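Visitor: What follows is a predicted protein model with its sequence.
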Amino acid sequence: MLADREKILFALRLPAVLRVCLVAVLLGFCEDAIYFFVEEGLLKPIGAGEKVELLFDSAYINGLRYDAKWKLKAVNAWRAHTKARNEKAKQRKNESVPTQTAVD
């Protein structure tokens, strides 16, 4: 059985306004990536403001689904972000491991 949010892929008509979870499903990314794309200027929500739920125009999102240049740009940006995040986590892990000294 499909999750409720994945049923949107089979909808005959999209809602006029989409929430982050549906945008993530339609574009094929996780929800964290959608927030990242907004911060980087790759996605433009409608009526954006601080402490407000991000909403997107379905026609805009549907257009991005078929835009190969945008997808390439988004994938490359998300990969670079993920790589940098993982490297930082690895450095923190290495710094937090105490070195053992041999006792003679």
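Guide: That came through, no problem. Numbering: from 1, shown residues only.
Visitor: And the residue nearest the centre of this structure?
Guide: The centroid of the chain falls nearest to residue 33 when counting by C-alpha atoms, centre = their mean (1.0 Å).
Visitor: contacting residues around that one?
Guide: Contacts of residue 33 were listed using C-beta atoms under 8 Å, 6 or more residues apart in numbering, and they are 24, 74, 78. Quick note: C-beta positions are derived from backbone N, CA and C, even for glycine.
Visitor: Name the member of those with the most neighbours.
Guide: The most crowded member of the contacts of residue 33, judged by other C-beta atoms under 10 Å, is residue 74 (22 neighbours).
Visitor: Residue 56 is in what secondary structure piece?
Guide: Following DSSP states H and E, one finds residue 56 within strand 55-57.
Visitor: ok, residue 11 - how many residues close by?
Guide: 9.
Visitor: As a check, name the ranges of all strands in this structure.
Guide: 17-19, 55-57 (DSSP state E).
Visitor: So for the last one, mean pLDDT?
Guide: Averaging pLDDT along strand 55-57 yields 95.
Visitor: confidence score at the residue nearest to the centre of the chain?
Guide: pLDDT, residue 33: 96.
Visitor: ok, now how distant is it from residue 92?
Guide: 22 Å (C-beta to C-beta, to the nearest Å).
Visitor: Include mean neighbour count when you put the strands of the chain into a markdown table, please.
Guide: Below are these laid out as a markdown table (neighbours: other C-beta atoms under 10 Å):
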| stretch | mean neighbour count |
| --- | --- |
| strand 17-19 | 17 |
| strand 55-57 | 19 |
